[in-house]
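Undergrad: Provided below for reference: sequence and predicted model.
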2 protein chains.
Amino acid sequence: MTISMDCDIVKPENDTTLQVKRKMEEQNDGLDPKKSQLARTQNGAAGKRVIVPACAPNLHYTPLKTALCYDVRMRYHAKIFTSYFEYIDPHPEDPRRIYRVYKILAENGLINDPTLSGIDEIGDLMLKIPVREATDEEILEVHSKENLEFVERSSRMKREELLKETEKGDSVYFNNDSYVSAKLSCGGVIDACKAVVEGRVKNALAVVRPPGHHAEPEAPGGFCLFSNVAVAAQNILKQYPESVRRILILDWDIHHGNGTQKAFYNDPRVLYISLHRFEMGKYYPGTINGRYDQTGEGKGEGFNCNITWPVGGVGDAEYMLAFEQIVMPMAREFQPDLVIISSGFDAADGDTIGQCHVTPSCYGQMTHMLKSLARGNLCVALEGGYNLDAIAISALSVAKVLIGEPPDELPDPTKDPKLEAIEMIDTVIHTQSKYWKCFQRKFGNAGCNFSEPVTETVISKSFPLQTAIRQEQFRQLSKEYGFVTLPISKLEIPDDSVLCSPEVFQQSTIVIIVHDTPEIWAKRDVITGVIDPSTSIIVDSPLDFTKWCMNRKYGVIDVNIPQSLFEQDNYSAMITSQEVLLYIWDNYIKYFPSLAKVAFVGFGDAYAGIVHLLGHRDTRATVKAVVSFIGRKQLKPLVPLVDESLSDWYFKNSLIFTDKNHPCWADNESKKPRKKFGRVLRCDTDGLNSNMEERFEEATDFILDLFEEWSDSE
Amino acid sequence: MTISMDCDIVKPENDTTLQVKRKMEEQNDGLDPKKSQLARTQNGAAGKRVIVPACAPNLHYTPLKTALCYDVRMRYHAKIFTSYFEYIDPHPEDPRRIYRVYKILAENGLINDPTLSGIDEIGDLMLKIPVREATDEEILEVHSKENLEFVERSSRMKREELLKETEKGDSVYFNNDSYVSAKLSCGGVIDACKAVVEGRVKNALAVVRPPGHHAEPEAPGGFCLFSNVAVAAQNILKQYPESVRRILILDWDIHHGNGTQKAFYNDPRVLYISLHRFEMGKYYPGTINGRYDQTGEGKGEGFNCNITWPVGGVGDAEYMLAFEQIVMPMAREFQPDLVIISSGFDAADGDTIGQCHVTPSCYGQMTHMLKSLARGNLCVALEGGYNLDAIAISALSVAKVLIGEPPDELPDPTKDPKLEAIEMIDTVIHTQSKYWKCFQRKFGNAGCNFSEPVTETVISKSFPLQTAIRQEQFRQLSKEYGFVTLPISKLEIPDDSVLCSPEVFQQSTIVIIVHDTPEIWAKRDVITGVIDPSTSIIVDSPLDFTKWCMNRKYGVIDVNIPQSLFEQDNYSAMITSQEVLLYIWDNYIKYFPSLAKVAFVGFGDAYAGIVHLLGHRDTRATVKAVVSFIGRKQLKPLVPLVDESLSDWYFKNSLIFTDKNHPCWADNESKKPRKKFGRVLRCDTDGLNSNMEERFEEATDFILDLFEEWSDSE
């Protein structure tokens, strides 16, 4: 700060004010006495006019252009047609892919190339980067010699041999130009990254093919010959060891980039984050390598992050959530010097291979977010994407943001992310919280799991919560209605699993309520993740039915199915439920002397036991109605052991209530679950308790109806 | 898409390939047969060369400049000096504030004004918006006539009257130029917004003063005369009803913008989000209006969001978290047509009023995020900020991002947000989840609370969890060690609150364990927020001490203090603990015939009862040691009723273990809690269980030491 000031433009309060102000500036401005001292020396006496000489803008980025890599020679790699079908339905990795991206840039004035022939001078916004073949040395940084030689040989193969190799490979094809195209594609990405790193451009868009991210060090695959992005990253790290120490590769292609992951799996210098469809490994490339828990190994442990969509059909809502919750916090903590987007556009809306719905706006939004990293050092390299219209408009949206436009708004920002995606994002956060500070303190570890490790010491002083809850339930039922335990021998379940109302065996009408351990509604400490019991309640939804039965003087058997601690699915709980219900039927109910009418009421996973019993015993003489509330739990089909007509009976005599967002309604509103699942109804709410509040009356009316007791009650 | 193609640049595979490819383009390209049909018609015969005529770039934003509002006349408003102290220590809302921002823009070449005199032509990057006075009509859109007339009158007041009004007001000062400066400041923001909305500039920076956000419709306040941003927003909504239907005002000044909030409190067209220090309403402006639960009223309900820091010292970590978790999702869902930042820089690192640590990089990052909204329609208006250096570098960082630079990286992206801030962010998400979809499905409602409402029906079928847990604890202690209940008459607490080992009254050595209900470690359903009991455990930390005592044949009294359901603080639980311990002491322990040594072990809030007892009875004859694990719970001072020396005794005979991140260690590592709190030790871990694992041996050794039983054990 200087001690002088622009005197003439301060209108004095009065004569002395000016002097006072000048004094103030001397004494206070700059707030750093040393600096102020320096300024005084440099500027000489007070009262001298400030001159701020015109200077070049202190901007490292705005004045530069965006690099563009494109070369028509990359269109020569093409599938050799062997049948008329391939004319009609060409291979999706089609040479026109890069042409269409280039064309839309021209149509929107981002580049100036009237004949679309790939000229060098393309206008003021983008800078053409000449595309050259990657050298053997560069490629060998990632790929094996054998692999390189194999691809090289394809340039000299005869048609028959090319077809043979195409047949043999893992979704790759070859012609005599494949080798050159692949080397250009790879060299293009390398030089695009170099231009960014050297500060010659603000960022870069490499419109290249064949794509690269499936090409493993040892073998081509998935339409990919060389692992373009991996080769580029490896060579940048080698050639700019001072300025580029860490690279983030963000792969939003709908497929897992197995090749890229493999190249850096034990390398902490490269953080690979991929968002892709996984579906229990059934989606291409179909190995466990793409699973969320593959987090790197050796020094690279924690530097690999797979965000794996369990279902197709994801779109803006899921990608924005993943970016805000996972990608950006993690990337900021990683502090990359360069960001490379492995930019497949096959998650784009309209891509029939990806079957997802990411809009061009969302690609723009994600690009904008990534621009906030690494001081804007960003290189976008094309990977997959097979709908020519979709990749063009998506790439245009990305290119605009690279040039400096703000991203367009999302067309529907109120759309809910799919529940499966929310769960997966939570799982990924939990998985990565082992490595990344940003996830460790975030909302009680994302509310997902224990924030402290479950050690031996912990186990030695802990009891399962469900035992306590069932005991409490037993205490209440016994105090209120005199319930007692019904002994179940041989099966290894707690004594209090099956309770019954007094004298149940004498009753003519009974209701058998089969449920999971009741829910807890709890306040969780956001810091530690621990539940505070003092503000938590056990919500015993089955109790509504018990009360209703007791009012109507029905007998009640209450079956609690304990679940296995820490088990992923509830398979064993379902088995237990089946065993317990068969046991009760075979050892008790069959022998109840006056029994005329039975209804089953199921809750959660435990309802599986009811369905199993109905399929394995002919209960129709007494069982009149089945009502179940299953929330988001899996639907169970009735599989009749002998009599096929059971399915029809089940459909007529059951009501199965599901959450509004139960997966069975996900894809097609009009498609109802099949008859073997019973009469499945969709609630307007989510959550067992809300479902109950909504449908309790309908459920009890249904039972009364089938008990033919309407006249009694109404 | 066109059916013709750039034939010459496709190298044919062989003679037929070209024809085949052409056919493919005809049949498949565009993927839309209708479009393809159209293209064919437009382009005539196949084989014609593509021409994409050079066109103006389809960019709405990049070609434009950033608007700058600055006028030296806004420096005329200044405090009239009445004492020498005001020369030395000038009023923080100092005329140089805007000058310093303007100057740093020039020094960095963002504008070109060598004499800093406010010329019109300022170069290629920014566009000078002439500043004019806001009209009465404009101001009256927000302010009352009386208020406007009052401020107008200040231009004609005598010095004495000005000083009187300055004295009277709520932190405002006046001179004869205040009125003009205030009208210019207000007019500047209006015109900056207009320039953005009309598309004449890409965005705008209004370097104005006096600031506005504390000025309420009826009265100036907090250095603010007219509510600049509110007046601008109101007039924009009025004048551009078609193009601007919703405005987001994001207020990152460290103070709550009470004036802005009030202006739109019942208006759904304006979403006001403010991040500010609140501190139970003690921080300026010091009313409950700035509290997190003030969410708007009437039609405006849900369109007001206060993110209230409970403590000072927040910085990048907290702001980035709040932006990513709250501001951006909410803003995207709101879909504003214009974003105005009420840009006080008093949260900036170095501001002695704000005492926070937001870096220039973080201001850049936040600006970059907000640019992704409203197609980049963003106007930044200066509010507070009193460190001249800090506001200058912060404003420079914002200006660079406005112009198009990527934001700088955060200097320390690995810094943990303060726990109090994490909790508050969680609370705000929960509060706003009533109104915003983005928060409803997010990680079990942010893990904060029940996702379904606690209705009457729910209460009718629910029991408190802590009852079940204590019962389970009782079952275990009774089964394992034969514990029985110790009757506590008169006090209204459950029967099982106080348990004791067999024959405890005969023992010479007893340990009294006083604890909150044990913790639950649980897996929470991220969708519904419900706890799954099957995967949850009760972690009974006090059990370690019980086992240790039983091994050493000490008597044990186990006191469980139930807490009030849904109570905000645990005040009543602490009172209960005090009552119960006094009762046990007065009715039992005093009369134990052989008692020689007593140790207390406390856990959580319940430990308050121990401290209370020690202050209210002289227990020193038998009580030898006090050990407590309090996690993050509040420290309790020992207040001796009679004997002052008790404090020293307590300090010598106690160990109070706290979490690593207990607030008592927050500000100053070297500052230890005072003696009256006992010997307070900081664990290296957070969480009761981790603390125990770390310090159990130290705790038991301490007890043995004071029991003088070292020789026995070692």
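TA: Sure, I can see it.
Undergrad: residues of stretch A:462-479 that come out buried?
TA: A:462-477 (16 or more other CB atoms under 10 Å in any protein chain shown). Using the backbone N, CA and C atoms, a C-beta is placed for each residue, glycine as well.
Undergrad: nearest to A:Leu402, of the residues you listed?
TA: Nearest to A:Leu402 among the buried residues of stretch A:462-479, counting by CB to CB, is A:Leu465 at 52.4 Å.
Undergrad: what about the residue lying closest to that closest one once chain neighbours are set aside, neighbour count?
TA: Nearest non-adjacent residue to A:Leu465, counting by CB to CB, 6 or more residues apart in numbering or on different chains: B:Ser536, 4.1 Å away. Other residues lying near B:Ser536 total 26 when counted by other CB atoms under 10 Å in any protein chain shown.
Undergrad: contact partners for B:Ser536?
TA: A:Pro464, A:Leu465, A:Gln466, A:Ile520, A:Ile531, B:Ile520, B:Trp521, B:Ala522, B:Lys523 (CB atoms under 8 Å, 6 or more residues apart in numbering or on different chains).
Undergrad: mind redoing it with 6 Å?
TA: When contacts are counted by CB atoms under 6 Å, 6 or more residues apart in numbering or on different chains, B:Ser536 touches A:Leu465, B:Ile520, B:Ala522.
Undergrad: quick check, nearest of the residues you listed to B:Pro53?
TA: B:Ala522 (65.0 Å).
Undergrad: apart from its neighbours in sequence, what residue is nearest A:Ser171?
TA: Nearest to A:Ser171 is A:Gly222, by CB to CB, 6+ apart, at 5.1 Å.
Undergrad: oops, could you answer that again for A:Val311 instead?
TA: Per CB to CB, 6+ apart, closest to A:Val311 is A:Glu420, 5.1 Å.
Undergrad: now A:Gly296
TA: A:Asn304 (3.8 Å).
Undergrad: from memory that neighbour sits against A:Gly298, does it?
TA: No. Between A:Asn304 and A:Gly298 there is no contact under CB atoms under 6 Å: 11.2 Å.
Undergrad: so which of the two has more stuff around it?
TA: A:Asn304 (25 against 9).
Undergrad: per-residue pLDDT, the more buried one?
TA: The score at A:Asn304 is 98. That number is its pLDDT.
Undergrad: assumed the residue nearest to A:Val311 was part of a strand.
TA: No. Going by DSSP: H, G, I helix; E, B strand; the rest coil, the assignment for A:Glu420 is helix, not a strand.
Undergrad: got the CA positions of stretch A:407-425 in CSV?
TA: Extracted C-alpha coordinates of stretch A:407-425, given in CSV (Å, rounded to 0.1, in the frame of the first residue of the first chain):
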residue,chain,number,x,y,z
PRO,A,407,-22.9,-24.7,-18.0
ASP,A,408,-26.6,-24.9,-18.9
GLU,A,409,-29.0,-25.6,-16.1
LEU,A,410,-30.2,-29.1,-15.7
PRO,A,411,-33.5,-29.7,-17.4
ASP,A,412,-35.0,-31.3,-14.3
PRO,A,413,-33.1,-30.5,-11.1
THR,A,414,-35.9,-31.8,-8.9
LYS,A,415,-35.7,-35.3,-10.1
ASP,A,416,-35.0,-37.8,-7.3
PRO,A,417,-31.9,-39.9,-7.6
LYS,A,418,-32.6,-43.7,-7.7
LEU,A,419,-32.6,-45.2,-4.3
GLU,A,420,-30.1,-47.9,-5.5
ALA,A,421,-27.8,-45.1,-6.5
ILE,A,422,-28.1,-43.3,-3.2
GLU,A,423,-27.3,-46.5,-1.4
MET,A,424,-24.3,-47.1,-3.6
ILE,A,425,-23.0,-43.6,-3.1
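Undergrad: centre of the chain to that stretch, how far?
TA: Taking the mean of its C-alpha atoms, stretch A:407-425 sits 10 Å from the chain's own mean (CA atoms, centre = their mean, to the nearest Å).
Undergrad: how about the residues of the stretch 1-150 of chain A by chain B?
TA: Contact residues (CB under 6 Å from any CB of the partner chain) of the stretch 1-150 of chain A with chain B: A:6, A:9, A:11, A:20, A:24, A:31, A:50-52, A:54-59, A:61-62, A:72, A:76, A:87, A:90, A:106-110, A:112, A:114, A:116-117, A:125.
Undergrad: model confidence for whichever residue of the stretch 251-400 of chain A sits closest to chain B, exactly?
TA: In the stretch 251-400 of chain A, the residue that lies nearest chain B is A:Gly376 (3.1 Å; CB to the nearest CB). Reported pLDDT at A:Gly376 in the predicted model: 97.
Undergrad: count of neighbours near it?
TA: Neighbour number of A:Gly376 under other CB under 10 Å is 23.
Undergrad: so it sits right up against A:Thr62, yeah?
TA: No. Between A:Gly376 and A:Thr62 there is no contact under CB under 6 Å: 9.6 Å.
Undergrad: and the stretch 451-600 of chain A, which residues reach chain B?
TA: A:452, A:457-458, A:461-466, A:468-469, A:472, A:517, A:519-524, A:526-528, A:530-531, A:533-540, A:543-544, A:563, A:566.
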